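Colleague: Give me a model of this one.
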Amino acid sequence: MSNNSNNLQEIFLTQARRDRRMVTMFLMNGFQMRGYITGFDAFTVVLTSDGKQQIIYKHAISTIVPERPVPLTGQEERDA
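Modeller: Just a heads-up that it's a prediction; the model follows:
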């Protein structure tokens, strides 16, 4: 297995980006940002909201809360 398949952070960010899930990002200073994750690398996350892109450094992020759960197994989300 590759390292990427075991990296929960990468799985979460990739699924949220692919599924275009709205997220609320809480920063360490308490500020909240809402938008879609459109990219990320080892140090940053690109959040797009109202057509504007913002690069947020990962060390400034406290929590990311998706509007709906993000499947972490790689399988498609099942309807209840």
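
Colleague: Tell me which residue is most central in the chain.
Modeller: residue 13 (3.8 Å; Cα atoms, centre = their mean).

Colleague: Which secondary structure elements does the helix or strand where that residue lies sit against?
Modeller: Using DSSP states H and E, residue 13 falls within helix 8-18. Judged by 3 or more Cβ pairs under 8 Å, 6 or more residues apart in numbering; DSSP states H and E, helix 8-18 is in contact with strand 32-40, strand 61-66. Any C-beta I mention is one placed from the backbone N, CA and C, and that applies to glycine too.

Colleague: I figured residue 43 hits residue 57, correct?
Modeller: Yes: using Cβ atoms under 8 Å, residue 43 and residue 57 qualify as a contacting pair, with a distance of 6.2 Å.

Colleague: Listing request: residues of this protein with sub-threshold pLDDT.
Modeller: 1-6, 74-80 (pLDDT under 70).

Colleague: let's see it at 80
Modeller: Within the chain, the stretches with pLDDT under 80 are 1-6, 73-80.

Colleague: one step back: and the residue nearest to the centre of the chain, how far from residue 47?
Modeller: Distance, residue 13 to residue 47, using Cβ to Cβ, to the nearest Å: 11 Å.

Colleague: shared neighbours of the two, anything?
Modeller: residue 37 (Cβ atoms under 8 Å, 6 or more residues apart in numbering).

Colleague: hmm, back to that, nearest spatial neighbour of the residue nearest to the centre of the chain, chain-adjacent residues omitted?
Modeller: Distances taken as Cβ to Cβ, 6 or more residues apart in numbering put residue 40 closest to residue 13, at 4.9 Å, once the chain neighbours are dropped.

Colleague: Can you report how many residues lie near that neighbour?
Modeller: 20 (other Cβ atoms under 10 Å).

Colleague: my read: it touches residue 47, true?
Modeller: No: counting by Cβ under 8 Å, residue 40 sits too far from residue 47 to count as a contact (9.5 Å).

Colleague: Residue 22 is in contact with residue 66, correct?
Modeller: Yes: the pair residue 66 / residue 22 is scored as a contact, 7.3 Å apart, by Cβ under 8 Å.
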